[in-house]
Structure formats: C-alpha cells, structure tokens
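> Sequence first, then the predicted structure:
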Amino acid sequence: MKLKTTFDGMTLNNPLMPAAGPLVGDDKKMAFLRDAGCGAIVSKTISTKDPHIPRPCIFGDKHQVMNSELWSEHAMTRWRDDFFPRYIKNNDRPLIVSVGYSEGDMETLIPMFDEVADAFEVSTHYVGTDLSVIANTVKTIRKHTDKPVYMKISPHLPDPEGFARVIKEAGANGIVAINSLGPTMKIDLAGRRIVYGNEEGYVWTSGPVIKPLALAVVHKIKTAEPDLTVIGVGGIASADDVIEFLLAGASAVQMLSAAMIKGKQLYKKILDDLPGALEKHGFSSVEDAINTRLVNDVVYHANTPTLIEEKCIECMLCVKVCPYHAIEFKDKITFDSERCFQCGLCVAQCPTDAIEMKP
C-alpha cells in the first residue's frame with residue numbers, strides 16, 4: 001500500500017506528522033517521533049519571547065486536552081544553537097519549523113531558521129482576526145524565505161475562506177487547520193476554583209472533541225481555494241480519522257492531543273493500521289483518498305425507521321433519547337410514523353445497529 005503524499009516540492013513517506021506542542025519541544029522529542037515513523041516532523045512553536053506558563057497547565061480526559069501552555073519554553077537561540085543542529089544530523093524527512101506570532105517576530109525568526117527548515121508553519125493564535133495583519137505577516141515572511149509557508153488558522157477566526165484567499169494572495173503555500181479551540185475553562189467543583197487556567201482563568205481545548213469542527217474548516221478552505229495545500233489537524237486519533245481528513249481536503253495531517261491522551265505509541269499504531277484501513281475503505285493508496293471527492297447527498301424526506309429484530313438487545317436507549325416521543329416498546333421496539341420526524345438520532349445511538357432508516 002502506497003502511503004506517500006507529495007505537495008509543494010516535499011515528499012512524505014506517509015501523511016502523519018506531529019502537531020506543534022509539548023511532544024516536539026526539543027531535539028530528543030522530535031527524534032522520538034521521527035523514529036516512530038512520522039512522515040514529517042514539526043517543531044514546537046518558537047517565539048521571540050519567553051512564555052510565562054502556569055503549573056499545572058495540561059488537563060486530559062478521553063475526549064479532550066485542555067492546555068494553558070503557550071509557545072516553546074526554550075529561547076529561540078536554544079533552538080538555533082542546540083536543538084536543531086543536533087536533530088538535523090540524523091534527519092531524513094521534511095522538517096517544518098513552527099514559529100509565531102507577529103509580523104515583527106517573523107523579521108527575526110524566519111532568517112534565523114531558514115537554513116534548517118524545509119518549510120515554515122506560522123501560528124496566528126494571538127494576532128487577532130484582522131486579515132490585513134495576516135496578509136502583511138505573510139508578505140514579511142516571503143521577503144526572507146522561498147521555502148513553503150503554511151499559516152495555521154485558529155477556529156475563532158470567523159471567515160476561513162477569506163483567510164485562505166488572503167494568505168494565498170500574499171504568497172503562502174497553504175494552511176494548517178485548525179489550532180486549538182478557545183478560550184475554554186476547567187472548573188474544580190469541589191474546590192470552587194478554576195484549574196489549569198492562565199491569569200484570566202482560561203485554557204485552550206484540543207483533541208477528539210474538536211474533530212467535527214476541524215473537518216468542516218478543512219473542507220471549507222479546500223472548497224474555496226483548491227490550489228492551496230491544507231494540512232489537517234484537530235482530533236485525529238485513529239487511521240480512520242486520517243482518512244477522513246484526506247477526504248475532506250487535506251494533503252497530510254498532524255496529531256498531538258490524542259497521543260497525550262492515549263500515549264506516544266499512538267503514532268506508530270496509526271501508521272501500522274493505515275494500510276489496512278485504506279484497503280478496508282476501498283482506497284488503493286493515500287493519494288487515492290486525497291483525490292477522492294466527497295459526496296454530499298442531502299435528503300429532505302426519509303422513511304420511518306425500522307427495527308432489525310435479531311440485532312435488538314432491548315436496551316431501550318432509543319426510547320429514552322427520541323426527541324419526538326415516537327418510539328415505544330410493545331413486545332418489541334415500535335415506531336410511530338405520525339410522530340417520527342425521521343431525524344436519525346435513534347439510528348446513530350443504537351449500540352447494535354439494530355435500527356435502519358432508508359431514504
């Protein structure tokens with residue numbers, strides 16, 4: 001199974017790379033993920049300023065990571081003088097250097113790392129929503145490098161299509177979509193206090209919980225600007241998730257939070273699972289999935305759901321969750337066609353796939 005993906009003059013042996021964050025915070029951490037098989041490596045976001053990070057700063061459960069950590073805790077000179085020189089001695093795949101945040105920062109950071117970077121990822125997390133500021137940042141970057149440049153979009157930006165158009169016109173190669181969602185909040189009910197928050201009490205949320213939003217933004221951007229490269233990030237936790245992002249319009253993907261929830265071995269597991277997942281879903285390669293267009297069959301009239309009796313375990317979940325009070329148990333699960341709105345919730349919630357609804 002061919003897993004390679006090629007874009008903007010770079011070839012990745014597979015589409016999975018880490019996202020900027022704690023797992024790529026120095027040369028040893030980047031080397032670990034290189035050895036795990038990632039197709040490219042992304043550094044932690046480097047700034048011209050030292051961060052002021054509260055402790056503890058990271059919360060995780062099954063569905064999300066909440067993080068008040070900022071950019072790299074190491075100075076830009078430490079990356080220039082120590083981390084990157086040690087890492088590139090044994091590097092054999094694209095290295096994407098993540099930097100942030102302002103136009104002024106780019107004047108310093110891009111020249112500093114242009115020699116070691118195969119591409120740049122530029123975080124826009126703290127620069128507001130003014131697209132003219134984003135455009136000027138891209139133009140400044142272009143004065144200092146001819147390497148591929150990917151602008152990382154934050155989900156609070158209200159116009160992803162406009163963002164895509166502006167950065168394309170300014171000279172960027174593509175977009176990394178999306179950054180973490182926020183501000184969000186974590187409360188300790190027993191202690192009546194905010195935990196994991198910054199000075200204002202807020203954190204940023206990532207992980208599986210933001211995947212539906214990330215998929216939508218990737219698809220919006222690729223639909224609006226098909227010539228832009230899109231790198232999908234936000235909620236990836238399995239080989240199937242990787243394929244979904246490829247179908248949505250991504251040429252490659254990044255993962256970080258799920259590995260913080262499930263463990264760092266998840267990178268290797270996804271790469272081991274990816275060939276089988278592609279085959280299971282009928283794709284001959286990663287490029288086949290990338291080149292497949294999503295179908296959007298919108299149906300406004302459907303049939304009342306029906307029960308597959310041999311699959312039903314009579315758990316009554318469908319009865320409990322039906323918003324229209326259209327499901328009852330009368331010796332078996334029954335559906336009231338007059339009350340049923342054909343919303344599909346019972347189909348989605350049934351744990352044994354015992355309910356079906358045909359157009």
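Right, received. Where do you want to start? Residues are numbered from 1 along each chain as shown.
> Tell me which stretches of the stretch 151-300 of the chain form helices.
160-170, 211-224, 239-248, 257-262, 266-280, 286-290 (DSSP state H, counting those that start in this stretch).
> right, and these - which one's nearest I88?
helix 266-280 (20.2 Å; C-beta to C-beta). Quick note: C-beta positions are derived from backbone N, CA and C, even for glycine.
> Can you list the buried residues in that closest one?
266-267, 270-271, 274-275, 277-278 (16 or more other C-beta atoms under 10 Å).
> ok, now stretch 151-158?
Residues 151-155, 157 are the ones in stretch 151-158 that count as buried (16+ other C-beta under 10 Å).
> which other residues reach it?
20, 98, 121-125, 129, 134, 137-138, 160, 163, 167, 172, 174-182, 210, 213-214, 217, 221 (C-beta atoms under 8 Å, 6 or more residues apart in numbering).
> cool, and stretch 279-298?
For stretch 279-298, contacts defined as C-beta under 8 Å, 6+ apart pick out 1-5, 14-15, 219, 240, 243, 246-248, 250-251, 274, 278.
> Is V116 located within a strand, as I assumed?
No. Read with DSSP: H, G, I helix; E, B strand; the rest coil, V116 is coil and lies in no strand.
> Setting aside sequence neighbours, what's the nearest residue to it?
Distances taken as C-beta to C-beta, 6 or more residues apart in numbering place F84 nearest to V116, at 4.6 Å, with adjacent residues excluded.
> residues in contact with that neighbour?
Going by C-beta under 8 Å, 6+ apart, the list of residues near F84 reads 27, 43, 97, 113, 116.
> tell me which element it falls in.
helix 84-88 (DSSP states H and E).
> for that helix, the distance to its chain's centre please.
How far helix 84-88 lies from its chain's middle: 26 Å, per C-alpha atoms, centre = their mean, to the nearest Å.
> Mind exporting the C-alpha coordinates of it to CSV?
Extracted in CSV, the C-alpha atoms of helix 84-88 (Å, rounded to 0.1, in the frame of the first residue of the first chain):
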residue,chain,number,x,y,z
PHE,A,84,18.1,22.0,15.5
PRO,A,85,21.8,21.3,14.9
ARG,A,86,21.6,18.1,16.9
TYR,A,87,18.4,17.0,15.3
ILE,A,88,19.3,17.5,11.7
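> Just after that helix, pick out the following helix or strand.
strand 95-99.
> what packs against that following strand?
Using 3 or more C-beta pairs under 8 Å, 6 or more residues apart in numbering; DSSP states H and E, the elements in contact with strand 95-99 are strand 41-42, helix 84-88, helix 103-113, strand 119-123.
> 6 Å - rerun?
strand 41-42, strand 119-123 (3 or more C-beta pairs under 6 Å, 6 or more residues apart in numbering; DSSP states H and E).
> and the direction of the last one versus that of helix 160-170, what angle?
For strand 119-123 against helix 160-170, the angle between stretch directions is 140 degrees (axes from the mean of the first three to the mean of the last three C-alpha atoms, to 10 degrees).
> Which residues outside strand 119-123 are in contact with it?
Where contact means C-beta atoms under 6 Å, 6 or more residues apart in numbering, the residues beyond strand 119-123 that reach it are 45, 96-101, 147-152, 176.
> Tell me the one of those residues nearest T108?
V99 (9.2 Å).
> I'd like to check which residues are in contact with the closest one.
Taking C-beta under 6 Å, 6+ apart, we find V99 in contact with 46, 109, 122.
> Would you reformat those residues as JSON lines and include pLDDT?
Listed next are the contacts of V99 as JSON lines, based on pLDDT from 0 to 100:
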{"residue": "I46", "pLDDT": "98"}
{"residue": "L109", "pLDDT": "98"}
{"residue": "V122", "pLDDT": "97"}
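> before we move on, back to that, show me which residues of the helix holding F84 are buried.
For helix 84-88, by 16+ other C-beta under 10 Å, it's 84, 87.
> so G235 sits right up against T205, yeah?
No. Between G235 and T205 there is no contact under C-beta atoms under 6 Å: 10.5 Å.
> More neighbours: which of those two?
G235 (24 against 21; other C-beta atoms under 10 Å).
> give the contact list for that one.
208, 210-211, 214.
> need those residues in JSON lines with distance to A302, can you?
Output for the contacts of G235, formatted as JSON lines (distance: C-beta to C-beta, whole Å):
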{"residue": "P208", "distance to A302": "28"}
{"residue": "I210", "distance to A302": "29"}
{"residue": "K211", "distance to A302": "26"}
{"residue": "A214", "distance to A302": "28"}
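> Report whether P51 is found in a strand, as I expect.
No. Under three-state DSSP, P51 falls outside any strand and is assigned coil.
> quick one: it and S68 touch, right?
No. Assessed by C-beta under 6 Å, P51 is found out of contact with S68, at 10.3 Å.
> With neighbour numbers in mind, choose between the two.
More crowded of P51 and S68, by other C-beta under 10 Å: S68, with 25 against 12.
> Distance of the more buried one relative to G182?
Counting by C-beta to C-beta, to the nearest Å, the gap from S68 to G182 is 10 Å.
> contact partners of stretch 186-206?
Under C-beta under 6 Å, 6+ apart, the answer for stretch 186-206 is 56, 59, 64-68, 180-185, 257.
> Tell me the buried residues in that stretch?
Those would be 186, 195-198, 202-206, for stretch 186-206 by 16+ other C-beta under 10 Å.
> I'd like the contacts of V99 written out as a markdown table, with neighbour count and distance to R78 added.
Output for those, formatted as a markdown table (neighbours: other C-beta atoms under 10 Å; distance: C-beta to C-beta, whole Å):
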| residue | neighbour count | distance to R78 |
| --- | --- | --- |
| I46 | 25 | 9 |
| L109 | 26 | 13 |
| V122 | 26 | 20 |
